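In: Kindly generate the corresponding structure for this input.
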Amino acid sequence: MRGAFRKISRVGNLTGATKWYLSDDCLLAAKRVMYTVEYRRFYLRDLESITVWPSRVWMLRPIIPGVLLGIVGVLLWKGLNFTAGAIAGGLGLVWAALELALGPTATSRLRTTGASVDLPLVKRTRRARKVLAKIDAVVRAARVGVTEQPSAPLDGPQPAKPSGQTTSESAPAAAPIGDFT
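Out: This is a model prediction of the structure:
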């Protein structure tokens, strides 16, 4: 089915989510905030680059909850009982280990011929390769299709004819135009 959109990525947060769809000729971002949806269409022929890099503060995601739950665990262990403290401390340790295993969070930028847009493409950088590979394959296919089409088919090469007269009156009134259909 030509022109059908297929979902390639979803990045959610507390205020909404951005879903990315890919078709044969464009990349579509549907950004949902509360009850509104904002659509942005990026045509594949206009894409210059898509850049994904780790965010600067990604290490705060495992450190802050891990340390806070560790402190709560120690306070519960000393004040209330050992089991509650062990559970809170264990949750902090598991949270930090899980965040480190998932890897750094990502920031991304799409650059087109007309603008540069900062929209989240993926949540984590390790997933970026897979999503960018899908986009790259469709972009290459779209650009190969454009370069294969001849710009103006002509009947054949026409040799240059030497002209004895050089005035503009001797030139033919209408030059032949190639058929574009």
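In: So what are the sheet partners of the helix or strand containing Glu38 and their directions?
Out: Taking DSSP states H and E as the criterion, the element that holds Glu38 is strand 36-43. Pairing partners of strand 36-43, with direction, according to DSSP bridges: strand 26-33 (antiparallel).
In: which parts of the strand it pairs with are buried?
Out: By neighbour count, and taking 16 or more other C-beta atoms under 10 Å as the criterion, the buried residues in strand 26-33 are 26-31. Heads up, the C-betas are built off the backbone N, CA and C, glycines and all.
In: which residues are in contact with the helix or strand bottoming out on mean pLDDT in the chain?
Out: Of the helices and strands making up the chain, the lowest-confidence element is helix 128-148, at a mean of 82, by mean pLDDT, DSSP states H and E. Counting contacts by C-beta atoms under 8 Å, 6 or more residues apart in numbering, the residues outside helix 128-148 that touch it are 8-9, 20, 22, 24-25, 27, 44-45, 47, 50, 52, 106, 108, 121-122.
In: go again using 7 Å as the cut-off
Out: Helix 128-148 is contacted by residues 8-9, 22, 24-25, 27, 44-45, 47, 50, 52, 106, 121-122 when judged by C-beta atoms under 7 Å, 6 or more residues apart in numbering.
In: Also stretch 30-45?
Out: Outside stretch 30-45, the residues that touch it by C-beta under 7 Å, 6+ apart are 15-19, 21, 25-29, 110, 112, 117, 138-139, 142, 146.
In: Let's see that stretch as PDB, backbone CA atoms only.
Out: The C-alpha trace of stretch 30-45 is given here as PDB (Å, rounded to 0.1, in the frame of the first residue of the first chain):
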ATOM      1  CA  ALA A  30       2.300  13.700  16.000                       C
ATOM      2  CA  LYS A  31       3.000  15.500  19.300                       C
ATOM      3  CA  ARG A  32       0.200  15.200  21.800                       C
ATOM      4  CA  VAL A  33      -0.100  17.600  24.700                       C
ATOM      5  CA  MET A  34      -3.200  17.200  26.900                       C
ATOM      6  CA  TYR A  35      -6.100  17.200  24.500                       C
ATOM      7  CA  THR A  36      -4.400  18.600  21.400                       C
ATOM      8  CA  VAL A  37      -2.300  17.000  18.800                       C
ATOM      9  CA  GLU A  38       0.200  18.900  16.700                       C
ATOM     10  CA  TYR A  39       1.300  17.300  13.400                       C
ATOM     11  CA  ARG A  40       4.600  18.100  11.700                       C
ATOM     12  CA  ARG A  41       5.400  16.600   8.300                       C
ATOM     13  CA  PHE A  42       9.000  16.300   7.100                       C
ATOM     14  CA  TYR A  43       9.300  15.400   3.400                       C
ATOM     15  CA  LEU A  44      12.100  12.900   2.800                       C
ATOM     16  CA  ARG A  45      13.500  14.800  -0.100                       C
END
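In: Sweet, I'm off.
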